[in-house]
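Chemist: Pasting a predicted model and its sequence here:
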Amino acid sequence: MTNERRVLVHADTESLAASVAARFITKTVDILDDQATANVVLTGGRVGTAVLAAINASPARDTIDWSRVSFWWGDERWLPAGDAERNDQQARDALLDHISVPAENVHPYPSSDSGISLDDAALQYAAELAAHGDGEGAPRFDITFLGVGPDGHIASLFPHRSGISIEDRSVIPVRKSPKPPAERLSLTRPTLNSSERVWMVLSGADKASALGLALAGAARDEVPVAGIKGRKRTVFFVDADAASEVPENLIAPSY
Ligand SMILES: O=C1O[C@H](COP(=O)(O)O)[C@@H](O)[C@H](O)[C@H]1O
């Protein structure tokens, strides 16, 4: 099977979230049949959080041995711990607080009330990634979820900003983000692209243009999602509205 990007279209956000949740559970069980542990990178955003809620709601949720799964984040908003706008808090509310995952398996970014600077927070998260990286700069990420903004941003890598081109670090501080809050932390493109599987989750007509441009070969500086590709698989899980500008030949047959 090739590692071409694939687009799977669902009728609406609800069926999209339920389908990705089912696929995640099946894939993670398979991964844990083959290896001792799994590393999953979570995203913030509306659809990413809906997927976590759908995993939580699934009767098959606990077929996964959660004690062998570790969670990381693609990006975080530089806000105090527990803030409802933090990506980690939204993931805890939707899923993590409801499953038997050991606290040490959950790797949130530092928070703005942690007493360290944004720059030091980026260094600290990079060090945590490296500490779990078996000699690499980051663990082997088995599944990485990414939302996609209407401007084509992924994680906190925005169009026409230097972040999308940074290659010598695993984590960067982000300032003056076009989307609030202004200060953020983000994995870099090479770190995201080190993932075995990248699963993009997006819905809504406001995402159609960015998705269409990315799949038509836009430059990553213009549309950052265009620069993202997992090692084994890159799948866009989208709803019909987001898919409206996707070239027909890239849409996988419905299943
Ligand atoms: O701020 C963020 O937004 C993006 C996209 O969010 P969405 O609600 O438009 O899906 C998300 O991917 C990112 O993690 C988050 O920090």
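Modeler: Arrived safely.

Chemist: name the helices or strands packed onto the lengthiest helix in the chain?
Modeler: Longest helix in the chain by number of residues, with DSSP state H as the criterion: helix 13-34. Applying 3 or more Cβ pairs under 8 Å, 6 or more residues apart in numbering; DSSP states H and E, one finds that helix 13-34 makes contact with strand 5-10, strand 38-42, helix 46-57, strand 143-146, strand 197-202, strand 233-239. For glycine as for every other residue, the C-beta is placed from the backbone atoms N, C-alpha and C.

Chemist: Can you mark which positions in the first one are buried?
Modeler: Taking 16 or more other Cβ atoms under 10 Å as the neighbour-count basis, strand 5-10 is seen to contain the buried residues 5, 7-10.

Chemist: List, one by one, the residues from this structure near the ligand.
Modeler: 43-47, 74-75, 77, 87, 147, 149, 155-156, 179 (Cβ under 6 Å from any ligand atom).

Chemist: List just the nearest of the residues you listed to A54.
Modeler: Closest approach to A54 among the residues of the chain next to the ligand (Cβ to Cβ): V47, at 10.2 Å.

Chemist: that older thread, quick check: of the residues of the chain next to the ligand, which has the highest neighbour count?
Modeler: Among the residues of the chain next to the ligand, the one with the most neighbours (other Cβ atoms under 10 Å) is A155, at 33 neighbours.

Chemist: got the contact list for the residue lying closest to I55 once chain neighbours are set aside?
Modeler: Of all residues not flanking I55 in the chain, A21 sits nearest, at 4.4 Å (Cβ to Cβ, 6 or more residues apart in numbering). By Cβ atoms under 8 Å, 6 or more residues apart in numbering, the residues touching A21 are 51, 54-55, 57-58.

Chemist: follow-up on the earlier one: please convert the residues of the chain next to the ligand to TSV, extending it with distance to D134 and pLDDT.
Modeler: As requested, the residues of the chain next to the ligand are exported to TSV (distance: Cβ to Cβ, whole Å; pLDDT from 0 to 100):
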residue	distance to D134	pLDDT
T43	24	98
G44	27	96
G45	30	95
R46	34	96
V47	31	97
G74	20	98
D75	23	98
R77	29	98
N87	26	98
G147	28	98
G149	32	98
A155	23	98
S156	26	98
K179	34	97
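
Chemist: Alright, calling it a day.
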